[in-house]
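Enquirer: Okay, sequence plus prediction incoming.
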Amino acid sequence: MSKREHEENQGDRPPKRARPTATVQDDRPAEEIYSARQLQQLLVFQQDDLLRLRHGISSYKAFLESIVYHSNDGAQQERLTLLREYLESEKPREANDVERPFFTQLWQAWSFANSNNSDHLASAVCSLFALLLKTLSTLVDFREHGRLLCRTVLQFQHLRLIKRCLDAPKHKEFLLSPSLRLLIEVLNFDGGTFAHEVYKRREQTFDLIALRKCLTIVKADGTEDDLKRRPAVRTYAVRYTLAHLKLQDDGGKIDILKQRSLCSTLFSYFRSDPPELILEILRTAETQVLKHSDLPRVAKAALLTQQHLDRVLDIATRAEVSDEVSTVAFQWLKSACSTPSYGILRPTGWYPPGTMQLDARSSIDNGAIDLGLESLDFWENEDKYQLKNVVLASWINSLRPNSDLKERDLILICFRHAPELVHAYFRDNALQMDPKLTNTWIGYASFLFEVADLPVPIHAGNIDSSSYAALPPQTSIVLNNILPKPLTQKVLIRCLNQSEKLISFFVVRILNIVLGKISRLQGEYQQAGSQSPRPDLWKEAAKELEATCVAALPSLKDVLLLFRRLPDDDQHVLQREATSRLINVYMTALPTPHEGTVDISGALMTTLARNNNKNDGEDELAWDELELEHLIAIAQNSTDMRWFNKAGTLSTSPMVAILQLALKQDSQRLKDLAGRVLHAHGIIIKGQTGALCSSMDALLSSLESNQNEHVWDFLEQSCLRAVKTPVKYLDDIDGLGIGSTASDQTSLLPVVLWEQASFIVAKPAEERAALMRWVNSAFNCWLLSAESNDTLTRIMAQVKAIDGWNAKPGSKVKPKPIQIASQDTNNAENTITKPHEHRLSLFSAPAVETPDHPELFRWQKKDIDTAFEDHDVDSLILCLCSEYNEVRRQARTQLTNLMVKLQASEMDDKEQLYLVIGELLETYSQTYGKDETPLPYLVGTFAVHAVNVQVDPTHHMYPKLNRYLMKAPEWRVSRISSYWLAACSMSMPSEDDGYWKETQWVLDWLVDGLRTKADLEILRSAGSFERLMTLYASPSASEKLVRHRVLEIVYRAALIDPLTLVTRAGVLSWLQMLKGDLAASLRHFVLDKSDFERLETWTGMKSGTAVTA
């Protein structure tokens, strides 16, 4: 089949319909209006000349715009006169004339445009009416014309025209915008006079479908200026809706708010709305709806759904939003979450519905068993837990408190005003709080801290009432409010054991807050029980709360371990204060039996020593004073605390150290604490009112912060005597024969001074004068105090009657000058003079052994791990170095028992500690035990330092020390010093930056261990002095941490046997080569301590020259 040929002639087919062209635009410029007649001619409607009408409309709009926007020029009055003439010419004879309404020609044109789909003409007429009403609303004299136009617009046939424009499709914005503007002007005219009429005709003026469509037409692009010049259809629709909310009565507002779909669309496009529109929506919603007291809560809640809150929150937290809009949106949310009258918040505490009053059916009948709280069917029953704030509970679950501070603040506001949300929030959110120092963990941790720091609701959670409820709140709800659920006991313990101090500090602060709340709740429960018909339920709930908290919190033992691990420096003063406060709160808020003994005597000694030796600013002293206050309060509850015995690094007892510190810092708080301790031990008396009697003030007045050391020692011994034998001194008071109440009105301390006065007379002159002067001063102060009585007067008379008691009050005893002896040498007139000893005050002399050794058995009273942390084992090890054979035997036995307990314990480092103590005992048995000679302190202190390294696996000496311990079952004592000097100063360190750290550890050990001739002989025979001199010459050696420690070793050796240093180690020549006053003073000190005859003989044999200094 062939292809059909093309037909050339198709003339019978009709032509195609022409494609419709675009509406012809009138490009003529607007005419200037000179008369009303001209306006009438321009606005005449003729179906065959629509361009002329549109030209007339544009000219009329230009004329109206000149009135609105150029009201200050000279032609304004002429324009107003012309406008009045035109309006009067267009007025109908009757206001309600439907056939010939106001502006008949324009309404006919609009009707024709709608009938013939001439949308642009309809838009032009509608926009002209809107502009005319806007113009008339600004002119008071034209009020009646405006009202007439509004009534004309509201006529049914005209509203149909507007409705047809509102029903236009979305792409015909030129129809939608003018119709909305016209309705807005009618609604707002004359202060909303026609608002009710407009809403009454809502089938045409407030059609829900048409209005929701207009609310969704936004401009996705365009600059801010474009949006201001030509707003989107949504902008007009929003302003129209808000105008109704402003101007309608309560019934109209409620009817509008019932349209949930309309309210939802109002908030749905916040991201694309201009800032001014967002502010208008939020402010109108708050002022006209939320703050309206006559509107019901249900109607207001239509604006506060979870979706609306999310969209407002997006505006409040979005970075690109202006500060003003963000601030207003955030404040709007805060008000909605904290103001019950806004409709979404229902103030509820810790009581779900139906749990505040005792049900009549639950009352106990005669003969029935009372099950207490278990008889309440809702008690601890999560299935029956009901929320009142459902919307807020659902909304806050979607917030991110860890990453956004504003969202965190909103959650906390909700928690503060509706505490029931705390339990619901953590019940539905499974937060992971594994202790990892990440941004997420820090965010959640700070959030949980602020939750725990929220105040306890009034009336034990019954916040919507003026009194306590009849029943206590459920324990699980209370616990979740004071201790957030993610902070389980396991998590808290892991945080306390972290090496990161920030993590442990976070837990300590939270626990302080939690225990403080528990203390307050215990008092509230007791008060509520006294007002309740069932006080037994409140008492049972208080016990249950305490038991639940004990099970949910870490044990006191974990907190004590953390406290002992904290470094004793200024950088950790806040952590030490917070941890010590936590220990004190543990012992007062939870008076339950604790594991082991709470012994903080070592920490108290360290704190007192640190405070006595530092001169920091007010802030540091304030924190140290707070820490000391907590430790003293803990020590008062400790049965093992010895207030009047010397211990630790203090040269005085803890009580004397507290008195010295109180006088030094002039701290009334410390003075009161010392007074309470002295009163608790019966040393001073209290007044009848309960406050400390002025007896304490008198004692403090007699003491001075720079008082003689003999006075402090005497006061310490006197207090100790009063504590040990109080009955004896009470009998002495009764023996005066004054009366039966004398012992109750007199402190024990004056009686002890009376007893010891006879022994003061026998003391050396300088000490006797100082003690007599203080005793007289103390009695004079007591006689001037409130304690003054016949007993005190007679005691003072007895003291002054003692033979030899002739010291005058206030007299000063001048110390004898120190004579510096000099000796001539054989060859010259040079003399060896005594150096300035203050230069050598940097160095300390070796500790002297005391006859008493309580450390032999002190470790047995504590847990094994606590004994190591309190350094009781260190003191026990050094007992092997005692000069007393019996002490060494007991120490050996006790260390053997310690090894048995250590092996059976659950300590993490027990194997390493067992190895150190075992090798120590083996070394002692093989080398010194057979001859029953003391172990050198150099070996004992090495074991002590090794123990301290083994309990800290992160220590820089841990690898090298364990390699040394694995070499042999005993230590080679003669080479121990040379081995470690070589291992640290001549070998590679375990860490990259650990060379000087390891060297400093060895130097600290040598300084601590050099105490006797046996220690000096070990260093000399091993050639350690030569190594130390070489180490001193290192260019990178620290002046304070290395070179001063080397000189201190030489200083200690000079105290033991200076001649050995000179003759066997060449110390004099080495010191002569060094520069500086400290080395020169040390050289003079060595010469001063040496035997000159032997020294001259030795120097003469060597060089024949005299020794010069």
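Expert: In hand now; what should we look at?

Enquirer: Residue 310 and residue 391: what is the separation?
Expert: For residue 310, the distance to residue 391 (Cβ to Cβ, to the nearest Å) stands at 11 Å. (Each C-beta comes from the backbone N, C-alpha and C, glycine too.)

Enquirer: Next, the contact list for residue 923, please.
Expert: Shown here is residue 923, whose contacts under the criterion Cβ atoms under 8 Å, 6 or more residues apart in numbering are 935, 939, 970, 971, 973.

Enquirer: so after the helix or strand hosting residue 519, what's the next helix or strand?
Expert: For residue 519, the host element (DSSP states H and E) is helix 501-531. Reading on from helix 501-531 to the C-terminus, the next helix or strand found by DSSP H and E is helix 535-552.

Enquirer: Any chance you could list what contacts that next one?
Expert: Defining contact as Cβ under 8 Å, 6+ apart, one finds that helix 535-552 is touched by 370, 372-373, 471-473, 475-476, 478-479, 483, 488-489, 514-515, 518, 521-522, 525-526, 528-529, 532, 590, 592.

Enquirer: So which of the contacts of residue 923 are in helices?
Expert: With helices defined by DSSP state H, the entries of the contacts of residue 923 inside them are residue 939.

Enquirer: contacting residues for residue 418?
Expert: For residue 418, the contact set (Cβ under 8 Å, 6+ apart) comprises 345, 346, 347, 348, 388, 389, 392.

Enquirer: Select only the buried ones of the contacts of helix 535-552 in PyMOL?
Expert: For the buried members of those, the matching PyMOL selection, counting by 16 or more other Cβ atoms under 10 Å, is:
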select buried, resi 373+471+472+473+475+476+478+479+483+514+515+518+521+522+525+528+529+532+590
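
Enquirer: Burial check on residue 986, number of neighbours?
Expert: Counted with other Cβ atoms under 10 Å, the burial measure for residue 986 works out to 10 neighbours.

Enquirer: Could you do residue 131 as well?
Expert: For residue 131, the tally of surrounding residues (other Cβ under 10 Å) stands at 22.

Enquirer: Just the buried residues of stretch 766-780, please?
Expert: When burial is assessed from 16+ other Cβ under 10 Å, stretch 766-780 yields the following buried residues: 767-780.

Enquirer: got those as TSV, with pLDDT and distance to residue 864 columns?
Expert: Supplementary listing: the buried residues of stretch 766-780 in TSV, determined by pLDDT from 0 to 100; distance: Cβ to Cβ, whole Å:
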residue	pLDDT	distance to residue 864
767	83	44
768	83	48
769	84	50
770	85	45
771	86	44
772	86	49
773	86	49
774	87	44
775	86	46
776	86	51
777	85	48
778	84	45
779	84	49
780	83	52
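
Enquirer: and which of those is nearest residue 416?
Expert: Proximity to residue 416 was ranked across the buried residues of stretch 766-780 by Cβ to Cβ; first place goes to residue 778, at 55.9 Å.

Enquirer: Nearest residue to that closest one in space, please, no chain neighbours.
Expert: Using Cβ to Cβ, 6 or more residues apart in numbering and skipping residues adjacent in sequence, the residue nearest residue 778 is residue 702, 4.1 Å away.

Enquirer: sorry, back to before: what residues of the helix holding residue 519 count as buried?
Expert: Residues of helix 501-531 classed as buried under the neighbour-count rule (16+ other Cβ under 10 Å) are 501, 503-518, 521-522, 524-525, 528-529.

Enquirer: same deal with stretch 103-113?
Expert: Of the residues in stretch 103-113, 103, 105, 106, 107, 109, 110, 111, 112, 113 count as buried by neighbour count, 16+ other Cβ under 10 Å.

Enquirer: can you check stretch 429-438 too?
Expert: When neighbours are counted by 16+ other Cβ under 10 Å, the buried residues of stretch 429-438 are found to be 431, 433, 435.

Enquirer: quick check: mean pLDDT across the helix or strand hosting residue 752?
Expert: In the assignment (DSSP H and E), residue 752 maps to helix 748-760. For helix 748-760, the mean pLDDT works out to 86.

Enquirer: what's the next secondary structure element after it?
Expert: Toward the C-terminus, helix 748-760 is succeeded by helix 765-783 as the next helix or strand (DSSP H and E).

Enquirer: Just name whatever secondary elements that next one is in contact with.
Expert: Under the contact criterion of 3 or more Cβ pairs under 8 Å, 6 or more residues apart in numbering; DSSP states H and E, helix 765-783 touches helix 694-702, helix 709-724, helix 748-760, helix 790-800.

Enquirer: and the last one with helix 748-760, angle?
Expert: So that's helix 790-800. What separates the directions of helix 790-800 and helix 748-760 is an angle of 10 degrees, with axes from the mean of the first three to the mean of the last three Cα atoms, to 10 degrees.

Enquirer: distance between helix 790-800 and the chain's centre?
Expert: Taking Cα atoms, centre = their mean, to the nearest Å, one finds the center of helix 790-800 at 56 Å from the center of the full chain.

Enquirer: Roughly how far does the closest residue to residue 579 other than its chain neighbours sit from residue 517?
Expert: The shortest distance from residue 579 to any non-neighbouring residue, by Cβ to Cβ, 6+ apart, is to residue 563 (4.6 Å). Here residue 563 is placed at a distance of 22 Å from residue 517 (Cβ to Cβ).

Enquirer: Likewise for residue 643?
Expert: For residue 643, the distance to residue 517 equals 32 Å [Cβ to Cβ].

Enquirer: same check, this time on residue 77
Expert: 75 Å.

Enquirer: and what of residue 552?
Expert: Using Cβ to Cβ, which is the criterion applied here, residue 552 is 13 Å from residue 517.

Enquirer: I'm done for today, thanks for sticking with me.
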